[in-house]
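[1] mind looking at a prediction? Sequence and model below.
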Amino acid sequence: MEMLIDFPGGARVDAHFGPYTVMTDQPPLGGGAGAAPTPFALFLASLGTCAGIFVLGFCSQRGLPTDGIRIIQRADKDPMTGLLANVELEIQVPPTFPEKYYPALVRSADQCLVKRSMDNPPKFNIYTKVVK
């Protein structure tokens with residue numbers, strides 16, 4: 001997938017792909033207007049929403065209602081490096097959700113492509129190219 005990343009002004013950095021534009025910004029303390037999430041917040045949101053897609057798929061395949069199901073995500077950074085150190089996904093279900101499916105919900109969330117990509121990180125090739 002190819003994305004075009006541009007700089008529309010201020011501390012905004014946007015990604016364009018297909019028919020979509022994903023906007024990011026920095027908070028006012030970081031020189032931005034706080035008009036959009038930070039890139040790191042979007043990264044974290046991609047983890048939780050990806051897990052949610054797999055939970056939704058699991059439930060849909062079995063005809064299980066998703067009413068009352070939600071995922072609470074918590075993330076901790078290493079204070080020394082500022083890098084992500086721990087991510088916790090708590091899948092909350094209503095009392096009526098069949099207990100026999102609890103472990104399978106966890107397994108389904110664990111199949112998230114974003115998480116699996118972090119388990120086996122890609123190589124990065126970053127370079128500069130002059131275009132006319």
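    Cool, got the structure.

[2] if you count contacts, what does the helix or strand hosting Ile5 end up packed against?
    Assigned by DSSP states H and E, Ile5 falls within strand 4-9. Under the contact criterion of 3 or more CB pairs under 8 Å, 6 or more residues apart in numbering; DSSP states H and E, strand 4-9 touches strand 12-17. In short, each C-beta sits where N, CA and C put it, glycine included.

[3] what comes up buried for the strand it packs on?
    Arg12, Val13, Asp14 (16 or more other CB atoms under 10 Å).

[4] list the neighbouring strands of that strand plus their orientation.
    strand 4-9 (antiparallel), strand 20-24 (antiparallel) (DSSP bridges).

[5] measure the residue nearest the centre of the chain to Ala85 for me?
    Closest to where the C-alpha atoms of the chain average out (CA atoms, centre = their mean) is Ser46, at 1.3 Å. Distance of Ser46 to Ala85, computed by CB to CB, to the nearest Å: 18 Å.

[6] ditto for His16
    According to CB to CB, His16 stands 32 Å off from Ala85.

[7] now the residue nearest to the centre of the chain, nearest residue through space, not along the chain?
    Leaving aside its sequence neighbours, Ser46 sits nearest to Val114 (CB to CB, 6 or more residues apart in numbering; 5.1 Å).
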